[in-house]
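Student: Got a predicted structure plus its sequence, pasted below:
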Amino acid sequence: MRPLKKLLIGLLVLGATAVAHAAPAAWIDSLEPLPAAQWSRARAAHLLERAGFGGSPTEVAQFASMSPRDAVQTLVRYKTVNNPLPLFQESGAFDPGLDPFVPSRPAATDQAKETGEALGVKSKPEGNRKLQQVADRFLYWLRATKLESQRIAYWWANRMLVTKRPLEEKMTLFWHGHFASSDEKVRDYRKMLIQNQLLRDKATGNFRDLLIAVAQDPAMLAYLDAAVNVKGAPNENFAREIMELFTMGVGNYSEEDIREAARAFTGWNFNGLKFVMNPDKHDNGAKTVLGISGNFDGVQVIDIILAQPVTAEYIASKLYRYFVREEVSPEMRIKLGKLLRDNRYEIGSFLETLFMSRDFYSDASVGNRIKPPVELVVSTYRKMGLTEIPGIPDFNDLTDSMGQKLLFPPNVAGWAGGKSWITPGLLLVRGNFVYDTVFPPIDFVANDRVPDDRYGIVPVADKLAMGKDVTAATKPDGKDVTSMSMQNDRDEDFNTRLASYNAWRKAIEKVRPIPRATAQLDMARLVRDAGCQTAQQAVDHLLARFLSMPIDSATRTKLAALLEADLGTADLKRADSYMEDALRNTLHVILSLPAYQLG
């Protein structure tokens, strides 16, 4: 049970209202540049929050000292910034025998029955459970790639935390939700890692280059069933999604357009980790897409789509909703689309105009965006001054419980976002994430080392360790084992429960564990370094450091009273030797405020 009492105190304190920044009403929907005289610390903090993952007081001060144009260009033109970050260190869980990976366990064992081999494993010529190793091998890779993908998520989260190019990682995260692929279906962490780097490399470049690269990306090809999109039997999955989700939006094409576009993408596939075009599977006939006819291939169809005004409006509006605010008027949508077209689909140039615009700093845009789970967690850690994502609590579990797990989006549409991130239950989860960071759980169990028990793996392991035979060890509990069933065990081709146990054991042998350090948090140092001398000063510093909007004076006073009561004094110097836990309690309450969910 989590200590909801502290969280409820936070919610009561938040009779709390956020105090809005005053900006002229005429700024709303204006793409005119912000006047340099209107630049401030608060607006620099807003820019860092939206174009990255928030800034420390030092970073905010640095950006506030620049002109708004220089601040924006520093973030957007990040490729000139030296940013040495470690590459992902693979565990070596994959070997060539696993490629091509078969679509199902029955397919693997059937292939071994017919050919004597599957997934690089030969079936036994004689004896019991001839196909056991093949079944083990199939399930091993399902376990191993999922574990390795969870390691990639940690690696990526650490990039977000410490990068000197925050917009690079923020845009990679945006495109991951836009061009959503999940390892749940791709089932190959290597393809997911390649896609992640592709999105990063082209994050603020030309949208056409990005779109073509994604269309030819092995992870996307696997996710949207390219292998079955062939001449004479086109599969419409990719053609539908490229129009509906990736470029145009619903209602701007016909079903006939989808069917014709699917023919243009026939023959596009992958071999291992490389894109291949199979000419013998490509439909060379004439096609008509969006009213234009010709013998098109996939790239030509992409160009036809990009020529539609609605495409620029759709992409520009989606970027706007992600970085500025949810509401986009029809007039603003047209204006944004024209801006993107005028910039020839150069995403970086579009973002520069957006981040320098008066609209971006208007009262309608500031402090109104619900932070998605990954951003909430990473920005919290960044503002805490951490240099590594903690392993306790688990980052993947935390974000998943809030509705967003990296490399595992729910479907091809990605995450819904906006108000879907907040429900009464999710608000409690968000508050408890903070508690589990500042007061790590003592009963933590690493889920990448302990399997869920849907397949009865743990009982199988225990029974085998006691010396029971496979039949006795793998029988469902409560069922008798007869001499006949033991004979059946010796005669069967493989035992699925044994395969699940063997697969998990081999996966955790092979895949490196996620480091499990707790947050190395020093709240006392944070307030000392800020020069705080009183409880009120400490509260004011924490509010300014963590919240995007100022809080009303009554709430500030209540928070200071809570801290003072915990310390037994308002004088931080008197409490210096024991103030750490009281400051952590106060931080938990502050970060449980509904205002903290907004950025």
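Tutor: Good, I have the coordinates.

Student: Got the phi and psi for the residue lying closest to residue 96 once chain neighbours are set aside?
Tutor: Nearest residue to residue 96, sequence neighbours excluded (C-beta to C-beta, 6 or more residues apart in numbering): residue 120, at 7.1 Å. Using the backbone N, CA and C atoms, a C-beta is placed for each residue, glycine as well. For residue 120, the backbone dihedrals (degrees, to the nearest 10) come out as phi 80, psi 10.

Student: what residues are up against the nearest residue to residue 165 once chain neighbours are set aside?
Tutor: Of all residues not flanking residue 165 in the chain, residue 78 sits nearest, at 3.8 Å (C-beta to C-beta, 6+ apart). Counting by C-beta atoms under 8 Å, 6 or more residues apart in numbering, residue 78 makes contact with 164, 165, 167, 168, 204.

Student: most surrounded residue in those residues?
Tutor: residue 167 (26 neighbours; other C-beta atoms under 10 Å).

Student: my guess is that one contacts residue 53, does it?
Tutor: No: using C-beta atoms under 8 Å, residue 167 is not in contact with residue 53; the gap is 9.9 Å.

Student: Three-state assignment for residue 365, please.
Tutor: Taking DSSP: H, G, I helix; E, B strand; the rest coil as the rule, one finds residue 365 in the coil state.

Student: Residues touching whichever strand or helix holds residue 112, excluding its own?
Tutor: In the assignment (DSSP states H and E), residue 112 maps to helix 105-115. By C-beta under 8 Å, 6+ apart, the surrounding residues in contact with helix 105-115 are 102, 117-119, 121-123, 131, 134-135, 137-139, 493-494.

Student: Same question for stretch 162-169.
Tutor: 48, 51-53, 75-76, 78-79, 81-83, 85, 156, 159-160, 200, 203-204, 351, 387-388.

Student: So which residue is dead centre in this structure?
Tutor: Using C-alpha atoms, centre = their mean, the residue of the chain that lies closest to the mean C-alpha position is residue 406, 3.2 Å off.

Student: what helix or strand is the residue nearest to residue 329 when sequence neighbours are not counted on?
Tutor: Counting by C-beta to C-beta, 6+ apart, residue 29 is the residue found nearest to residue 329 once chain neighbours are left out, at 6.8 Å. Using DSSP H and E, residue 29 sits in no helix or strand.

Student: so what's residue 29 up against?
Tutor: For residue 29, counting by C-beta under 8 Å, 6+ apart, the contacting residues are 329, 331, 332, 335, 359.

Student: From residue 189, how far off is residue 98?
Tutor: Counting by C-beta to C-beta, to the nearest Å, the gap from residue 98 to residue 189 is 12 Å.

Student: returning to what we had before: give me the phi and psi angles of the residue nearest to residue 329.
Tutor: With angles defined as degrees, to the nearest 10, residue 29 sits at phi 70, psi 10.

Student: Count the residues that sit near the closest residue to residue 564 other than its chain neighbours.
Tutor: Excluding the flanking residues, the one nearest residue 564 by C-beta to C-beta, 6+ apart is residue 535, at 4.3 Å. Neighbourhood size, residue 535 [other C-beta under 10 Å]: 27.

Student: now residue 418
Tutor: For residue 418, using other C-beta under 10 Å, the count is 13.

Student: same check, this time on residue 410
Tutor: 14.

Student: what ranges do the strands span in the stretch 251-400 of the chain?
Tutor: Secondary structure of the stretch 251-400 of the chain (DSSP state E, counting those that start in this stretch): strands at 268-271, 274-277, 287-289, 292-294.

Student: Could I get those strands in TSV, plus columns for distance to residue 146 and mean neighbour count?
Tutor: Output for the strands of the stretch 251-400 of the chain, formatted as TSV (distance: least, C-beta to C-beta, whole Å; neighbours: other C-beta atoms under 10 Å):
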stretch	distance to residue 146	mean neighbour count
strand 268-271	20	19
strand 274-277	23	13
strand 287-289	38	20
strand 292-294	43	12
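
Student: who wins for proximity to residue 430 among those strands?
Tutor: strand 268-271 (38.7 Å; C-beta to C-beta).

Student: For the nearest residue to residue 119 once chain neighbours are set aside, list the residues it contacts.
Tutor: Once flanking residues are discounted, residue 119 sits nearest to residue 137: 4.5 Å by C-beta to C-beta, 6+ apart. By C-beta under 8 Å, 6+ apart, the residues touching residue 137 are 98, 108, 118, 119, 120, 121, 503.

Student: what's the pLDDT at residue 137?
Tutor: Looking at residue 137, its pLDDT stands at 97.

Student: where's it relative to residue 227, distance?
Tutor: 21 Å.

Student: tally of neighbours for residue 403?
Tutor: For residue 403, the neighbour count with other C-beta under 10 Å is 18.
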